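[1] Next come a sequence and a model predicted from it.
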Amino acid sequence: MNVRRTAFRRTRTGAGLTTGLIAVTALVVSGCSSSSGNSSAVPGAPGAKSGSAAASAGRTVDDLVAAEQPASASLLPSGSTAAKIKAKGTLVVGGTQTAALFSLLDPTTGKVDGFDAAMSELLAKYIIGKPSTKLVNVTSATREALLRSHQVDTVFATYTITPEREKSVAFAGPYYQDGLAIEVKKSAADITSPAGLAGKTVVTESGSTAATAVKKAAPTAKVQLFDTNTECLQALQQGRADAYVLDQGILAGNASTNPDVKVSATTFSAEPYGIGIPLDQPDFKQFVDDWLKKVEADGTWAKVWKATVGTQVPGDAPTPPAVG
C-alpha cells in the first residue's frame, strides 16, 4: 500500500474509521455482506492504484505540509510548551510503524506513511515552521509511561480516549472516531459477531481497550495479549488464535495488505482517538485543540484523509468528531 511518506526519523525499529469507515468493508470483507469489488486498492489486485496515482497522493500530502502556515508568535508565548518545542527544533512523537493506513513503515525508504504520521508532521510544521519530527516507537502498554516521563512530546497512535487513561495523560481532540471489530482468517465462517467469540482464542494488544470489551461481549473467550499489531496478526495467520479484535481501521489496514484475513463489517464499541499530551501541560493540550479546529475548518483534515485512508476507502472524507 502506498500512502504519504512522512519525514519521521526512526529512533529504533520494531513494533508497534469515524462515520463512513464501514465503507472499508467493501474493500476487505469476504464472506460477509460485501465483495472485494474495490479490493483493487490492494497492491497487485486488478484495478490497483498505479504507482503514479500513489505518488500523486503522496505529493498531495507533501503539498499540504508545505502549505501549512506556522503559528503566529502570539500563539507561542515565552515559556509555553509549544515555544519550548519550537526552540528544541523537533517534535518528538510517540507512534508506531505497523498500522497500515495510519502509521506504517515503508522498509524500502525508511519512511512512515499514513494518517497519524501525516497529522503529526503537520503539527510539527505549525509549531516549528518545518515538519521536523522524531519518532519514538510506542505500544498500547507504554504510551502513558512515555508521556508521563516526557520522553515524547505527544502521541499519535490510534490512541482511544478513556476516563481511566485521562487520569494519567491529557488528550487533545478527539480527531478521529473508530470502533472495535473482529478480524479472522478469510476461510473462517463461524465468527461474524462478538457472540461468535465465545470459547474462542482471541488476540489483542496489551494495554488496549479491546481485552475488556471482548470479555464483556463473550465471557468464555480466551484472551491472549501481545504488544503489537504485527504479533497479533501473525498469531491469527499462524492459527494460534481464532480471531483478532482491535480498532476497525487498524484491522482494515491489515486486510488491505494481507489477503488471507478479513475484517467484520460492524463494530461493537466507540473508539474516539485523541492526541496524547502530558497531563501537566494543559497549555499544550489547548494549543493542539486549537490547531485541530483550524485544520478541520480549513479542509486540511479532509485532504489528509483522502491522501491516506482515502486511498483505500472510497467516497468523501467523513466529518471529524467535534474537538473537545
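    Happy to help now that I have it.

[2] going forward, measure contacts between C-alpha atoms and count neighbours the same way
    Fine.

[3] Identify the residues contacting the nearest residue to Q281 once chain neighbours are set aside.
    Nearest non-adjacent residue to Q281, counting by CA to CA, 6 or more residues apart in numbering: T81, 7.0 Å away. With contacts defined as CA atoms under 8 Å, 6 or more residues apart in numbering, the neighbours of T81 are Q281, D283, F284.

[4] what about the first one, distance to F287?
    Distance of Q281 to F287, given as CA to CA, to the nearest Å: 10 Å.

[5] Equivalent analysis for L146, please.
    Taking CA to CA, one finds L146 at 20 Å from F287.

[6] Check the average confidence over the helix or strand harbouring A170, would you?
    Applying DSSP states H and E as the criterion places A170 in strand 169-178. What strand 169-178 shows for mean pLDDT is 95.

[7] same question, stretch 307-324
    Per-residue scores along stretch 307-324 average to 84.

[8] ok, now stretch 278-296?
    98.

[9] how about that stretch: buried residues?
    Judged by neighbour count using 16 or more other CA atoms under 10 Å, the buried positions of stretch 278-296 are 278-279, 282, 284-285, 287-289, 291-293, 295-296.

[10] for the protein, where's the lowest mean pLDDT among helices and strands?
    Ranking every helix and strand in the chain by mean pLDDT, DSSP states H and E puts helix 25-28 at the bottom, with a mean of 34.

[11] List the buried residues for stretch 137-148?
    Here stretch 137-148 shows N137, V138, T139, S140, R143, E144, L146, L147, R148 as buried, counting by 16+ other CA under 10 Å.

[12] Let me see the contact set for the last one.
    In other words, R148. S168, V169, P278, L279.

[13] can you pull the pLDDT of the residue in the chain sticking out farthest from the centre?
    Distance from the centre of the chain peaks at S78, with 32.4 Å (CA atoms, centre = their mean). pLDDT for S78: 97.

[14] Tell me where the protein has strands.
    With DSSP state E, the ranges of strands along the chain come out as 9-10, 91-95, 98-99, 103-106, 111-113, 133-137, 154-160, 169-178, 180-185, 201-205, 222-226, 243-247, 261-263, 271-278.

[15] rewinding a little: what strands flank the strand holding A170, and is each parallel or antiparallel?
    Using DSSP bridges, strand 169-178 pairs in its sheet with strand 271-278 (antiparallel).

[16] Would you mind getting the angle between the strand it pairs with and strand 154-160?
    Here the directions of strand 271-278 and strand 154-160 differ by 150 degrees (axes from the mean of the first three to the mean of the last three CA atoms, to 10 degrees).

[17] my guess is L279 meets V169, correct?
    Yes. Counting by CA atoms under 8 Å, L279 does reach V169; the two are 4.4 Å apart.

[18] among the contacts of R148, which two are most distant?
    S168 and P278 (8.1 Å; CA to CA).

[19] between the strands of the chain, which gets the lowest average pLDDT?
    Comparing the strands of the chain by mean pLDDT, the weakest confidence falls on strand 9-10, with a mean of 37.

[20] residues in contact with the nearest residue to P174 once chain neighbours are set aside?
    Closest residue to P174 apart from its sequence neighbours, by CA to CA, 6+ apart: G274 at 4.5 Å. The neighbours of G274, taking CA under 8 Å, 6+ apart as the test, are F156, T158, Y159, T160, I161, F171, A172, G173, P174, Y175, Y176.

[21] need the contact list for the second one.
    This points to T158. F102, D116, Y273, G274.

[22] Let me know the distance separating the last one from T142.
    So the one you mean is G274. Distance, G274 to T142, by CA to CA: 16 Å.

[23] do the first one as well
    Distance check for F102 against T142: by CA to CA, it reads 18 Å.

[24] same thing with P107?
    Taking CA to CA, one finds P107 at 24 Å from T142.

[25] repeat for K306
    In this view, K306 and T142 are 30 Å apart by CA to CA.

[26] what ranges do the helices span in the protein?
    Counting by DSSP state H, the chain has helices at residues 25-28, 51-67, 81-88, 115-128, 143-148, 210-217, 229-237, 248-257, 282-297, 300-307.

[27] No more questions from me, cheers.
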